[in-house]
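# next come a sequence and a model predicted from it.
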Amino acid sequence: MHSSRLFKILAAIAGLTCLSAFEFQTRSPFSGSGGEAVVARKDLVEDVDQRLDSLRQRMRSRAPANVKVQVLRETLSQVQKLRQERPVQRIDREIYLDYSTASLEHVAQDKNFSLEKCAYYQLRLRSDFEPFAEDKPEHPALRRSYDIIQGLCS
Amino acid sequence: MSRSKNYLAGIVAICSLMILILSGAWYHQGSQAEKTRGLASKSNFETAEQCGPERNYLLKDLKKISPVFLRTRLQAKADMPSRECISYIMQNFIPLNAKSPAMSQCKDAEGNALSAPTRGEKEKGFFPPCVTEEYVNSVYNSLMDVGDCLNVPIKELLPKLYNESGLHLNALGGGMDGGVGQLTVTALSEVFSRYNGESRFPSSLDWYVREMKKSAKESCRRIVAEKNIYQLPVPEGKKLCIYGEAQDENCYAPWSLANRCVVMAAPESPLRNVLFTAVFYRNMLKNATGIGYAAGEDILSGRLYREGEQLNGYIGNGKLNERLQQLGVTQARPEILRQMMVSLGFNAGIGSVRIFMENYIKQKEAKNQRLTNEHFDFQTRTTGKWAIVTNLATFWRGLGSPDEAEFQKALNLMEVVRELGVDPTDTQNKYRQLRPLVQKDIEEVDALQLNEEDREKKISVLKVRYDKYRHPLLAEVFVRSDDLSLPEYIRIAHAQAIATSTRAGGAPGYLSFIASRHLILEKEMGAQVCTAQDYLKF
């Protein structure tokens, strides 16, 4: 009787340890810096911002447009996966993330992507999200999308 | 004896009841007649003699409109509003006996045509145009034909147009939004960009006209016959350009602010303006629902679309209706979601509206919170109490008004944020500190003894400068706003979008405003005379 209770307690501790180890693994990836082995998981908004900022940089390269649009699609797909892995964020963060990605969807999802449609892509960005903007949008996430489309089209 | 007494009493009771019913019916008939007389007085026409010279500036050009669009027609279909609705809206948009900056003209004082509208001397605007029978007919017939030909639900559109232009063809918004449909640069850019952005297609306008020509509908035939409406005259030495394509100096850009009269001047408008508004509407409808247009019919996935079928677009692909039903919104309907999305799309951009709506649902799902039909009722859910945090004008009133009572009222209004667990004390304290500063700034402006127009410009600068003190409270409210009903949440989310980017534009609370216009039309003109049966509520 006594040993059975002890066994249960030990089993529970072992179970909890395993679970926490599992969580430990998923939530705290190796930083790779050689410093602290364990760091807090990167903030989702920061992570997405970094990826899209980097995309903006890459769009300025001299690569052909069909290569660039592929990079755009891959980045959006990675961002979507990242978001699916995380719990739903607070509403202001979710809306910011949606502005960041939804404003590029019409370009990424266009099966007939063409440089000839660039003015239309820019128009859709403005018309769908900032209808009173005369030229470039002002919202930081939309402005970045504008730059990405412009880079893609240049 | 007792039985016959009872029998007699029964007859007396029945007779009394019948008298009561008949007198009730008579009274009802009387009150209906009273109501009808009331309607007539509210929606009858004006004459040029009644209006006087200051309100007759459109009459000459209206007479040049094709008789097909000027003569009185019968109400063609039950789903179309009656002609009285147009007259009522025109006469009840703004006071008829005062000049307003909302009214412009496309002619100068000498009667020469202008390419950009003028608000007249000192930008004071003009009196509203005289609401003659011909003027009403021109707008009514345009709405009926364009609505029927392009399948645009005019009864759903009327509250929006009542709110924005009062159906006047010379209405001019703050951002130079022009005419009956308050067309903006962005809306017109869509009309003059290639359909779907593809080089194999002509402009959206030409694409829709081509499809209209394939239709056997009388309404389409009447519009197509008016070539000057959709084939724009181009100034000598210029060529009509497609939006976004190589634009040299010879390019004529009808979407530009400098050419706003293209969609405002009679005799081409109101029909041209209403047609372009419908093209813009159809583009938004396609994004929201996937519904396209071919030869006068609605098309979805290559087949004829019938109301109630599964949608594509933002609503269908996002499974918004199904998700709402899962959350407990038993009366959720895609048609109402379409109304909400497209109506606000005109004002805030349809992509933004999609994000607002999807995130409301997403948060409820994540928090496992139930929703009811009432959470989506724009007609009865009041949102005005949030104006102190969502609208600059309300926030400014307490600071800018010399009346101490306005200041106290604003402080009290801020208490609303406690509903969401937000403490307004810091903002209230800041507001107290700001008021003397604002009053001093206003005194300095007044000391300059400027004319009204220049004074207003200076005050506008002050308003924008002090508006930043509203933003922290708005941000705090915004992060909790999904706990509220959809109308309240949308108002706050829209306000936050504008606080982030002034170019987001529109008016926070827009759907609530147009829902209230719907209610006014219902009350004043009768149920469903001017309005749709179901509107902005499940």
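The structure has been received and is ready for your questions.
# doesn't B:Arg323 lie inside a helix?
Yes. According to DSSP: H, G, I helix; E, B strand; the rest coil, B:Arg323 belongs to a helix.
# how about it, nearest residue that isn't a chain neighbour?
B:Ile361 (5.2 Å; C-beta to C-beta, 6 or more residues apart in numbering or on different chains). C-beta: built from backbone N, CA, C; applies to glycine.
# ok, the one you found touching B:Leu327?
Yes. Taking C-beta atoms under 8 Å as the definition, B:Ile361 is a contact partner of B:Leu327 at 7.1 Å.
# the more surrounded of those two?
B:Ile361 (20 against 17; other C-beta atoms under 10 Å in any protein chain shown).
# from B:Ala332, how far off is the more buried one?
As judged by C-beta to C-beta, to the nearest Å, B:Ile361 and B:Ala332 stand 10 Å apart.
# which neighbours do these two have in common?
B:Leu324 (C-beta atoms under 8 Å, 6 or more residues apart in numbering or on different chains).
# let me see the contact set for B:Ala504.
The contact partners of B:Ala504, by C-beta under 8 Å, 6+ apart, come to A:129-130, A:132, A:138-139, B:348-349, B:352, B:494, B:497-498.
# contacts only, for the closest residue in space to it that isn't next to it in sequence.
Of all residues not flanking B:Ala504 in the chain, B:Ala497 sits nearest, at 4.3 Å (C-beta to C-beta, 6+ apart). Residues near B:Ala497 by C-beta under 8 Å, 6+ apart: A:139, B:348, B:352, B:504.
# for B:Pro95, same thing?
Contacts of B:Pro95 by C-beta under 8 Å, 6+ apart are B:Pro128.
# before we move on, what about B:Val416?
B:Val416 sits next to B:385-386, B:388-389 when contact means C-beta under 8 Å, 6+ apart.
# what subset of those residues is buried?
B:386, B:388-389 (16 or more other C-beta atoms under 10 Å in any protein chain shown).
# on that earlier part again, which two from the contacts of B:Ala504 end up farthest apart in space?
Maximum pairwise distance among the contacts of B:Ala504 (C-beta to C-beta): 15.2 Å, between A:Glu138 and B:His494.
# neighbour count winner among the two?
In this view A:Glu138 and B:His494 are compared by other C-beta under 10 Å, and B:His494 has more residues nearby, 25 against 15.
# how about that one, what does it touch?
Listed by C-beta under 8 Å, 6+ apart, the contact set of B:His494 reads B:344, B:348, B:352, B:356, B:390, B:504, B:506-510.
# report the buried residues of the helix or strand encompassing it.
For B:His494, the element it lies in under DSSP states H and E is helix B:486-500. Under the neighbour-count criterion of 16+ other C-beta under 10 Å, helix B:486-500 has B:486-500 buried.
# one step back: farthest pair in the contacts of B:Ala497?
Between all members of the contacts of B:Ala497, the farthest pair (by C-beta to C-beta) comes out as A:His139 and B:Ala348, at 12.1 Å.
# count the neighbours of B:Glu415 for me.
B:Glu415 has 12 neighbours, counted by other C-beta under 10 Å.
# quick one: least confident helix or strand in chain A?
helix A:2-27 (a mean of 45; mean pLDDT, DSSP states H and E).
# off-centre distance for the helix or strand just after that helix?
Moving toward the C-terminus from helix A:2-27, the next helix or strand (DSSP H and E) is helix A:44-58. Helix A:44-58 sits 7 Å away from the centroid of its parent chain (C-alpha atoms, centre = their mean, to the nearest Å).
# flag the shaky bits of chain A, pLDDT-wise.
Across chain A, the ranges flagged by pLDDT under 70 are A:1-39.
# mind redoing it with 50?
For chain A, the stretches with pLDDT under 50 are A:1, A:12, A:14-37.
# tell me which parts of the stretch 51-200 of chain B are close to chain A?
B:175, B:184-187, B:189-190, B:193-194, B:196-199 (C-beta under 8 Å from any C-beta of the partner chain).
# show me which residues of chain A sit near chain B.
Proximity of chain A to chain B, by C-beta under 8 Å from any C-beta, involves residues A:87-88, A:90-92, A:94-95, A:98-99, A:102-103, A:112, A:114, A:116-124, A:126-134, A:137-140, A:142.
# contacts for stretch B:145-157, please.
For stretch B:145-157, the surrounding residues in contact (C-beta under 8 Å, 6+ apart) are B:69, B:76-77, B:79-81, B:143-144, B:208, B:212, B:215, B:217, B:219-220, B:222-223, B:271, B:274-275, B:277-279, B:281-282, B:293, B:296-298, B:339, B:343, B:528, B:530-532, B:535.
# same thing but 7 Å
Among residues not part of stretch B:145-157, those counted as contacts by C-beta atoms under 7 Å, 6 or more residues apart in numbering or on different chains are B:76, B:79-81, B:143, B:208, B:212, B:215, B:217, B:219-220, B:222-223, B:274-275, B:278, B:281-282, B:293, B:296, B:298, B:339, B:530-532, B:535.
# right, and chain B sits closest to which residue of chain A?
A:Ala119 (2.3 Å; C-beta to the nearest C-beta).
# for burial, what's the neighbour tally of the nearest residue to B:Lys362 once chain neighbours are set aside?
Excluding the flanking residues, the one nearest B:Lys362 by C-beta to C-beta, 6+ apart is A:Val88, at 5.9 Å. By other C-beta under 10 Å, the residues close to A:Val88 number 14.
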